[in-house]
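**Q** any chance you can model this:
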Amino acid sequence: MKDRYLKKLRELLLEPVRQFGGLASLMFIIILSFAILNIFFGQGEELVEKMKKEETRIAEANKLSEIISSLPSGILTFYEGSDHYKLSKEQYETVCKITKIIPQRAVMGANLINFRATKIYTTNGNQIAETFVNWDKESKKCIAGFVLSGSIDDGENEKITVSGEVLNFLSTGIDTRVYFIKNF
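**A** Next up is the predicted model:
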């Protein structure tokens, strides 16, 4: 009986109408499937937020990479009277914000005037607990420093933070590094 009604329905409907009906039902099934999958596996707003953050991070990294590659290799300063490349105020701020490396030379130079820092540094195998390079918006200066942790003469553990204004940077063509820290 069912077969008879289906045959009559097929005879009554034209071929394009049947094809359209099949296409519409297929589309409905696909949309319904994705809706069900989204309910169970979709991350919605979290995923979009993560993607936007990643896009922003990539854009920022590309911008910083472009800035670094535009600078000449060598010592970069922000003051007059130097034979080295002089940065503009905007470049100085940008280079400060992209710089993350404080080499051994800058650490040793900054330690010269702080006896306790020098003692902790040398006694504990030249170990540095952490380093930082930050732009100070109020003074419009680049501040760099490091934290030394250790003991002197088997005493109790001390933490000393040595920081100061960055007077110049070193551009290697790949990255920028703090070259000299003025901390007196």
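
**Q** now do the helices in this protein.
**A** Here the chain has its helices, by DSSP state H, at 2-12, 15-41, 45-70, 89-98, 104-111, 115-123.

**Q** out of those helices, which gets nearest to Leu167?
**A** Nearest to Leu167 among the helices of the chain is helix 104-111 (9.8 Å), distances taken as Cβ to Cβ. For every residue, glycine as well, the C-beta is placed using N, CA and C.

**Q** re the thing from before, how about JSON lines for the helices of the chain, with mean neighbour count and mean pLDDT added?
**A** As requested, the helices of the chain are arranged in JSON lines below (neighbours: other Cβ atoms under 10 Å; pLDDT from 0 to 100):
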{"stretch": "helix 2-12", "mean neighbour count": "9", "mean pLDDT": "73"}
{"stretch": "helix 15-41", "mean neighbour count": "10", "mean pLDDT": "85"}
{"stretch": "helix 45-70", "mean neighbour count": "11", "mean pLDDT": "82"}
{"stretch": "helix 89-98", "mean neighbour count": "17", "mean pLDDT": "84"}
{"stretch": "helix 104-111", "mean neighbour count": "18", "mean pLDDT": "71"}
{"stretch": "helix 115-123", "mean neighbour count": "17", "mean pLDDT": "81"}
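
**Q** closest one to Phe180 among those?
**A** Of those, nearest to Phe180 by Cβ to Cβ is helix 104-111, at 5.9 Å.

**Q** which ones are touching Pro100?
**A** No Pro there; residue 100 is Lys. Contact analysis of Lys100 by Cβ atoms under 8 Å, 6 or more residues apart in numbering lists 131, 133, 175.

**Q** for ChimeraX, what selects the buried ones among these?
**A** Buried residues among the contacts of Lys100 (16 or more other Cβ atoms under 10 Å), as a ChimeraX selection:
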select :131,133
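
**Q** in strands, which of the contacts of Lys100 appear?
**A** Counting by DSSP state E, the part of the contacts of Lys100 found in strands is 131, 133.
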